[in-house]
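J.: with the input below, show me the fold.
(chains A and B)
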Amino acid sequence: MCCLNKPINRKKNDIKVVNKRVKAKPPSTPSLNLVCDIDTLRTLIKKNKVRVVDVRKRDEYLKGHIKTAVSLPLAELLSNDDPESIIKILNNLGISDDTLVVIYDDTFGALASRVAWSFKFIGHRNVALLEVTYDNWKKLGLEIERKSNKYSKVSHSVDIDYSIFADAEYIENAQNDKNKIIIDSRERLNFLTEHIPNSKNIPYTMLRSENSILRNPSELKRFMENRGIDLNNEIITYCGSVGTLSGLAFFALKTAGISNVKLYPKSFKEWKSLGKPKTEFKDATYWDLSAE
Amino acid sequence: MAKSIDYDVLSSSKNKELETNEKWGLAEESEYFANKVKLYRQDKLNADEFRRFRLQNGAYGSRLNSEFSMIRIKVPGGDITPTQLEKIASLSESFSIGSAHVSTRQNIQLHWVQLEDVSEVFRGLAEVGLTSREACGNTIRNVMCSHFAGVCPNEPFDATPYAKAIARFFLRNPICQNLPRKFKFNFSCCPEHGYVRIADVGLVPTIRDGVKGFRVYLGGGLGAASFIAHLLEEFTPESRLLSTSIATIRLYDRLGNRENLARNRMRYLVSEIGWEKFQGLLLKERILVEATISIPTRKSYDGFLNTGDLNNTSISSTSTKSKIKLPVINSNSADTPYTRWLNTNVVAQKQSGYYSVYITLGAGDITSSQLRILAECIREFSLEKKARNTPQQNFLVRYIKADQLPKVFQKLSGNGLGNPGANTIVSTVGCSGTTSCNLAITNSHRLAKEIQSKFLELNIDLDKDFVDSTIKISGCPNSCGQHEVATIGFYGGATRIGTSMVPIYTMLFAGSTGENGELGKAIMRVPAKKVMDVVLKIFEHFKKERKGDEKLNEWIYKISNGNGAGEIKNVDDMKKLLLPIIELPAFSAAPDFYKDYGTDSNFVAKTARGECAA
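T.: Numbers count the residues shown, from 1 in each chain, chains lettered A, B, ... in the order given. Sure, this is the predicted structure:
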């Protein structure tokens, strides 16, 4: 389905597209925080200084979306998940290197996170998640519209950031490295059933607050401290299949102040299909506690 | 960074009710716990010391996996507000498994919480006044009070403020931080309701010559060896409740067995030295307590009692004198979902025009979204704006007006909370069993749910013969499922049949609760996968044999005392009829019969050190 392995090979063979961040280029617009609050987004929209990306399904977008937003359903990105395709997507959405991008969804930020991570991966710096879901935006009575938005095509450069990417091989090497922590973002019972050996469970449900897709930074930081996670640790997140829940964890950990966070976008689904070892816990019948 | 603003528009729960419950939790205890976990992880605190600390704070180790904890939230008297329920819902979603579990002692438990996250749950609990402090360990556990207290037509007065004052007085009190073993209080509303004979201290409210007081029962309890409690004296005035309680705890603390883990509950002390001697010592101790109790101590208790009284919504309305029967409301046909529910889940209160509604859960499990629905329901329909949880692992929402009942049902049933059968054998009790407990041998939890769904499928709730009968299941002999006070009780074990291990239950007959409660008698052992067949066979015989409109519990009581009038006269007759049913086919022919519920693996009896005592 997606081709995230391709860039890895290219990294090894093709010297032109390497992990070389060009630090000299100062951004011409102010940079965004990882999570964009409502006020900031509304101001940016008014000033016409932001590209808002709606990652819900197309028909949802057509029923109504945040003013000026463009539509990029997550499925569309996942089916074209190689750097060339992502760049093409950015170009078509009118996102150039300096465009501020704010992404939202209707599923507690997980879908938006996965898209935002991909944008970061191919080198777009100024990308943020909207602090609320579309549903809450609407409930708050904020500006929405129905017209489909289209912007003129641009040309975005490629500057792949491998420092936020992990694959199965990387995970294997990290498993016995004390400074690297593998985080499983799935819910507790899924984790108990089976997980990547030596991984720790931080369910995505821990990360949100009642009204925001992510808790505030001080809270998230305290959670990590409780877990004995140092801000200098390297963390690799994964979840069940395509890196949405772990994408949210990626942004949560960044928000908590951990600088070196990687996402394993192909997650446990690939891990299992590769026949890699897993830890199972069969000594308790915990699924029977569920009231569903 | 995202601002953490609370958008009032988005918050359904904000400021909807006055905080009607007392504050039990302390925020600083959360931080203290977090620090201790860090020290433990850094090997600066030894495992035993940490374990004792952890249990004192209400975090119980999870089954065969010390990375995780079960947090036992105390709900004194079972009294809980919508805000508290909503907080439990979100804490469960964040840190547990997205559902909560109502225990048989009015606690609410959160399972499989990462040890390092426990402090965050404590923090959230303290925000809404709840605590899990002293919910485990060698302390005074959650103080129970009948869920009917305050609305029971047969109670002399509401015992709730007393239960809460006692709970408050002993919480964090140095006098009971290191008892020989756990210690349980249980208040009832009337002689019928409540579990007063199976607690260390059981109290039945009573009035003599215009003075409020209690009949105090001491030294009861269920476990590997169970005892029915003894009556201390004919009447203990409420003014002596505190001194009697302190005296009991002092005596137990001094004389209780601290050596033998298996015999250190107070009931063993009472049984070893004999009731008369214990009683004598206790009455002397009480005189000593009364002579030496300080004024500030007395006053702090009185303060708790008065707060409890004030917080207790006294809703004035005319009390009816005689015992009221269930009203039949719009009962056109007997078995619409609504009338089914009405007949078994709605109880008339002593306050005329008001009704209490049971929310029937499956072995006490409720999801976070259901907790939120329950909270909404309480806010919308209950005049007291609170609910009680019950030892039958259900909730009771009280003070609902008759004309609101259809709406209540609609709201509940739309969310999986409208199952009928609360006051019948359908509402099966099951402890957590192998789903989370170190001591469990069998999956009692799932078995209880299986039985409940089977009974609902068979419309057992429609049959009046099964009203007031109970099935209670524990996953081991330690009785958290209270199998010894059930009409038909079961406790889990393991046995070998041929070359295979099999999960097996010991079946008990004719246990009961209330002031005249009796312990059940062991009848026979039944393989886990045969329990359902055996129960249904018993029902079949009951239908054939019972006299007149005798109910199941009455018939079972007769049989277990050898007074059966038909073909089945006694337990032996019953056993003979059931023996063919419990026979298992060969393992090779039907391996499923050798497995426990909820697993595909072959059965092995795996347990670890119990966490009850520390």
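
J.: only C-alpha atoms from now on, for both contacts and neighbour counts.
T.: Will do.

J.: burial count for B:Trp555?
T.: 21 (other Cα atoms under 10 Å in any protein chain shown).

J.: domain map for chain A?
T.: By the record's domain assignment, chain A is partitioned as A:29-160, A:163-289 (automatic domain parsing).

J.: and B:Pro391, its phi and psi?
T.: phi -70, psi -10 (degrees, to the nearest 10).

J.: how close does it sit to A:Asn232?
T.: Counting by Cα to Cα, to the nearest Å, the gap from B:Pro391 to A:Asn232 is 49 Å.

J.: who's more crowded, the two?
T.: Comparing B:Pro391 with A:Asn232 by other Cα under 10 Å, the one with more neighbours is B:Pro391, at 24 against 13.

J.: does the more buried one touch B:Ser103 like I think?
T.: Yes - contact criterion Cα atoms under 8 Å: B:Pro391 and B:Ser103 qualify, at 6.8 Å.

J.: Three-state assignment for A:Leu220, please.
T.: helix (DSSP: H, G, I helix; E, B strand; the rest coil).

J.: ok, it - how many residues close by?
T.: For A:Leu220, using other Cα under 10 Å, the count is 21.

J.: could you find the closest non-adjacent residue to it?
T.: With sequence-adjacent residues excluded and distances taken as Cα to Cα, 6 or more residues apart in numbering or on different chains, A:Leu220 is closest to A:Ala256, at 5.2 Å.

J.: helices or strands up against the strand or helix carrying B:Glu93?
T.: In this structure, B:Glu93 sits in helix B:82-95 according to DSSP states H and E. Where contact means 3 or more Cα pairs under 8 Å, 6 or more residues apart in numbering or on different chains; DSSP states H and E, helix B:82-95 is packed against strand B:99-102, strand B:108-114, helix B:118-127, helix B:368-381.

J.: which stretch among these comes nearest chain A?
T.: Minimum separation from chain A across those (Cα to the nearest Cα) falls at strand B:99-102, 6.3 Å.

J.: that closest one and chain A, any residue contact?
T.: Yes - for strand B:99-102, a contact with chain A is found by Cα under 8 Å from any Cα of the partner chain, at B:99, B:101.

J.: and that strand, what does it pack against?
T.: helix B:82-95, strand B:108-114, strand B:365-367.

J.: got the CA coordinates for the second one in PDB?
T.: Spelled out, it's strand B:108-114. Taking Å, rounded to 0.1, in the frame of the first residue of the first chain, the C-alpha atoms of strand B:108-114 are listed here in PDB:
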ATOM      1  CA  ILE B 108     -15.500   0.800  42.300                       C
ATOM      2  CA  GLN B 109     -12.400  -0.800  40.800                       C
ATOM      3  CA  LEU B 110     -10.200   0.200  37.900                       C
ATOM      4  CA  HIS B 111      -8.200  -2.600  36.500                       C
ATOM      5  CA  TRP B 112      -4.900  -3.000  34.700                       C
ATOM      6  CA  VAL B 113      -3.500   0.500  35.500                       C
ATOM      7  CA  GLN B 114       0.200   0.900  34.900                       C
END
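
J.: just give me how far it sits from the chain centre.
T.: Distance of strand B:108-114 from its chain centroid, counting by Cα atoms, centre = their mean, to the nearest Å, is 17 Å.

J.: what comes into contact with it?
T.: Strand B:108-114 is contacted by residues A:188, B:62, B:67-75, B:92, B:95-97, B:99-103, B:436 when judged by Cα atoms under 8 Å, 6 or more residues apart in numbering or on different chains.

J.: out of these, which are buried?
T.: A:188, B:62, B:68-75, B:92, B:95-97, B:99-103, B:436 (16 or more other Cα atoms under 10 Å in any protein chain shown).

J.: right, and chain A sits closest to which residue of the stretch 301-450 of chain B?
T.: Closest point on the stretch 301-450 of chain B to chain A, by Cα to the nearest Cα, is B:Thr435, at 4.2 Å.

J.: next up, the contacts around the closest residue to chain A within the stretch 101-250 of chain B.
T.: Proximity of the stretch 101-250 of chain B to chain A (Cα to the nearest Cα) peaks at B:Glu116, 5.4 Å away. B:Glu116 sits next to A:226-227, B:34, B:37 when contact means Cα under 8 Å, 6+ apart.

J.: nearest to A:Leu245, of those?
T.: Checking the contacts of B:Glu116 against A:Leu245 by Cα to Cα gives A:Arg227 as the nearest, at 19.2 Å.

J.: follow-up on the earlier one: of all the helices and strands packed on helix B:82-95, which one comes closest to B:Ala262?
T.: strand B:108-114 (24.8 Å).

J.: and that closest one with helix B:118-127, angle?
T.: 150 degrees (axes from the mean of the first three to the mean of the last three Cα atoms, to 10 degrees).

J.: all helices of chain A, in order?
T.: Remark: helices assigned in chain A by DSSP state H are A:5-13, A:38-46, A:58-63, A:74-78, A:83-92, A:110-121, A:134-139, A:168-174, A:188-193, A:217-226, A:245-255, A:267-273.

J.: and the fifth one, what does it pack against?
T.: If contacts are counted by 3+ Cα pairs under 8 Å, 6+ apart, helix A:83-92 sits against no helix or strand.

J.: now that helix: buried residues?
T.: Quick answer for helix A:83-92 (16+ other Cα under 10 Å): A:83, A:86-92.

J.: picking up where we left off before, now render the helices and strands packed on strand B:99-102 as TSV, adding distance to B:Lys464.
T.: Output for those, formatted as TSV (distance: least, Cα to Cα, whole Å):
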stretch	distance to B:Lys464
helix B:82-95	33
strand B:108-114	31
strand B:365-367	26
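
J.: nothing else from me, thank you.
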